[in-house]
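A.B. asks: coords please:
(4 chains)
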There are 2 protein chains.
Amino acid sequence: MHLQQNNGQLKPCPVHEFALFAELGDAFSEALKAVDSDIIEYNAGETIYAAGVSAQHIYLLREGYVKLFKTTFSGKDQIIRVVKAGEIFGFDGLVDIRYNHSAVPLKRATVCRIAVDKLDALGARRPEVERLIMVRCIKELQHADERLLELGAKRSDERLASFLLAWCNTTSSASRWTPLVLSRLEIAQLLGLTIETVSRLFAQWKREGLVEERQQAIQIMDRNKMKQVADSQA
Amino acid sequence: MHLQQNNGQLKPCPVHEFALFAELGDAFSEALKAVDSDIIEYNAGETIYAAGVSAQHIYLLREGYVKLFKTTFSGKDQIIRVVKAGEIFGFDGLVDIRYNHSAVPLKRATVCRIAVDKLDALGARRPEVERLIMVRCIKELQHADERLLELGAKRSDERLASFLLAWCNTTSSASRWTPLVLSRLEIAQLLGLTIETVSRLFAQWKREGLVEERQQAIQIMDRNKMKQVADSQA
DNA sequence: CGCTCTCTTGAGTATCCTCAAGACAAGTGG
DNA sequence: CCACTTGTCTTGAGGATACTCAAGAGAGCG
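C.D. replies: Sure, this is the predicted structure:
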């Protein structure tokens, strides 16, 4: 944890402005203002929380990207999920004493964190809060199910193709160039592959003109063909 | 769906007796009795619901085992989760219009199902219900995370060993013999392997005396060694 | 007894990993 | 400004894990 060095940027978070609670409408402003919470900034590679640590906060990602990952006994990392701005993470505290995965930003990220007991207290008075978390959690579960299908039943090229298609949709679809925040290693850890396999697939697809890459951004040149690759099982 | 042929066994379900709501205490009996719900029995292989179908019910498994699975474009099944007695499944209706996976009993199973709109109505009056579902859902998510780690970062023998250890814990730990409800194919679909790979591992471990098998039951002879296999990454 | 279904076992192969060397970019210090 | 370092990425060669294909064994059932 690098909280100390972030103390300077630690300031109260206007919870009610946040997407999560915006859904609840204005009627709750007063209740929400009573909730303690703070904004924290992290640099890439710092640890927001580590697996096994006491789970006392729920996090809302305001800006940037955060990877959630688990580590095997032998030290291999598996990325569980990449959190994007506007999403919640760190539910564990609502059920368990400890986090069962680790959270690290991919690049500079600002989060808003709320103490679990404060949220519990709010939830007791305003049940809509828990309903909202329930809904988010179910969506997470559906997402996890989809990823289980990919890791369990798809080949390397299908996995990478699915990932790229999903990534270039959810992220800034304004420009056709999509910033690729993940390194080759991180993509590999997300898809259950090795860095070399990911690199080779990229190289091949670039040669074929399926994708282009510049700096930290990619572009899918032929979306239909990419979809074919994603569900080929040739 | 094979609801028609089960109409004979369709009877009102005493919701308040069910484990899910037992946690809520007696104070809710009256409220819970007002909820429409029914018990349905299914035989192995029948479909409780299929992916893509309108999601109008939440299910509580009273007895038996149910597999939840997704199917790839090319027809391969991936088992997402094996539901055991006392657990809930089919959350999708609370968020989506359709189920995004299919549910089929492994052997004869009895479920209690509640219409989503009825549950919503109950939840509006009794927020504890939604909190309970939220908690269950978070646990599901943690479980899914663990499985993502296994599918993404572990070898075949590690996956099977982890599975067997988990299976023989959660199930009837009374006798040292644990009924193995899953076929080789289903174990393969759960672990992202092929039937042959699973069979070969079983054969090898039986030769080594690590496990024994008779009828539909298994027994881990050396739990410590099995744990070593589960986290070897040799 | 023969049928079907699941499971086992073997042989060959494909996919993906490991190991290793080199390319490339960015940053550091002389 | 250039050598040098560092880290990420690329590319190749070889090999291991797990898959495919195929045949046979075993169990259950009519």
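
A.B. asks: where does chain A come near DNA strand D, residue by residue?
C.D. replies: Counting by CB under 7 Å from any atom of the strand, chain A comes close to DNA strand D at A:Ser183, A:Arg184, A:Leu185, A:Ile195, A:Glu196, A:Val198, A:Ser199, A:Arg200, A:Phe202, A:Ala203, A:Glu213. Any C-beta I mention is one placed from the backbone N, CA and C, and that applies to glycine too.

A.B. asks: what about stretch A:223-234, distance to the chain center?
C.D. replies: The chain centroid and the centroid of stretch A:223-234 are separated by 25 Å, computed with CA atoms, centre = their mean, to the nearest Å.

A.B. asks: what about that stretch and chain B, any contact?
C.D. replies: Yes. Contact between stretch A:223-234 and chain B, assessed by CB under 8 Å from any CB of the partner chain, occurs at A:Asp231, A:Ser232, A:Gln233.

A.B. asks: These into JSON lines, with extra columns for pLDDT and neighbour count?
C.D. replies: Below are the residues of stretch A:223-234 next to chain B laid out as JSON lines (pLDDT from 0 to 100; neighbours: other CB atoms under 10 Å in any protein chain shown):
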{"residue": "A:Asp231", "pLDDT": "93", "neighbour count": "13"}
{"residue": "A:Ser232", "pLDDT": "88", "neighbour count": "14"}
{"residue": "A:Gln233", "pLDDT": "78", "neighbour count": "12"}
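
A.B. asks: before we move on, back to that, most neighbours among the residues of chain A next to DNA strand D, which one is it?
C.D. replies: Among those, A:Val198 has the most neighbours (other CB atoms under 10 Å in any protein chain shown), with 24 neighbours.

A.B. asks: In which helix or strand does that one reside?
C.D. replies: helix A:195-208 (DSSP states H and E).

A.B. asks: shouldn't A:Lys70 be in contact with B:Leu151?
C.D. replies: No. Counting by CB atoms under 8 Å, A:Lys70 does not reach B:Leu151; the two are 11.7 Å apart.

A.B. asks: What's the local residue count around A:Leu151?
C.D. replies: Counted with other CB under 10 Å, A:Leu151 comes out at 23.

A.B. asks: Repeat that for the one 10 residues further on.
C.D. replies: Residue crowding around A:Ala161 was assessed by other CB under 10 Å; the count is 25.

A.B. asks: Repeat that for A:Thr194.
C.D. replies: 14.

A.B. asks: same question, the one 3 residues further on
C.D. replies: In terms of burial, A:Thr197 registers 18 neighbours under the definition other CB under 10 Å.

A.B. asks: sorry, back to before: can you name the next helix or strand after the helix holding A:Val198?
C.D. replies: Next element after helix A:195-208 (DSSP H and E): strand A:211-214.

A.B. asks: Show me what counts as buried in that next one.
C.D. replies: Neighbour-count burial for strand A:211-214, with 16 or more other CB atoms under 10 Å in any protein chain shown as criterion, is recorded at A:Val211.

A.B. asks: is DNA strand C contacted by that strand?
C.D. replies: No. Against DNA strand C, strand A:211-214 shows no contacts by CB under 7 Å from any atom of the strand, the least distance being 10.5 Å.

A.B. asks: Quick one: distance of that strand to the chain centre.
C.D. replies: With CA atoms, centre = their mean, you get 23 Å for strand A:211-214.

A.B. asks: Contacts for that strand next, please.
C.D. replies: A:Leu164, A:Trp177, A:Leu180, A:Phe202, A:Trp205, A:Lys206, A:Ile218, A:Gln219, A:Ile220, A:Met221, A:Met226 (CB atoms under 8 Å, 6 or more residues apart in numbering or on different chains).

A.B. asks: Lowest pLDDT pick from those residues?
C.D. replies: Lowest pLDDT within the contacts of strand A:211-214 is found at A:Trp177 (89).

A.B. asks: Was I right to think that residue contacts A:Ile218?
C.D. replies: Yes. Taking CB under 8 Å as the definition, A:Trp177 is a contact partner of A:Ile218 at 7.4 Å.

A.B. asks: More neighbours: which of those two?
C.D. replies: Comparing A:Trp177 with A:Ile218 by neighbour count (other CB under 10 Å), the higher total belongs to A:Ile218, at 21 against 16.

A.B. asks: doesn't the more buried one fall inside a helix?
C.D. replies: No. Applying DSSP: H, G, I helix; E, B strand; the rest coil, one finds A:Ile218 to be strand, outside a helix.

A.B. asks: which residues does it contact?
C.D. replies: A:Ile218 neighbours (CB under 8 Å, 6+ apart): A:Leu164, A:Cys168, A:Trp177, A:Thr178, A:Leu180, A:Val211, A:Glu212.

A.B. asks: A:Gly192 too?
C.D. replies: A:Gly192 touches A:Gln78, A:Leu151, A:Arg159, B:Leu151, B:Gly152, B:Ala153, counting by CB under 8 Å, 6+ apart.

A.B. asks: Just the closest of those to DNA strand C, please.
C.D. replies: A:Arg159 (7.5 Å; CB to the nearest atom of the strand).

A.B. asks: tilt between the helix or strand harbouring that closest one and helix A:195-208?
C.D. replies: Per DSSP H and E: A:Arg159 is located in helix A:156-170. Helix A:156-170 runs at 70 degrees relative to helix A:195-208, counting by axes from the mean of the first three to the mean of the last three CA atoms, to 10 degrees.

A.B. asks: thought A:Tyr99 was touching A:His57?
C.D. replies: No. Taking contacts as CB under 8 Å, A:Tyr99 lies outside contact range of A:His57: 9.6 Å.
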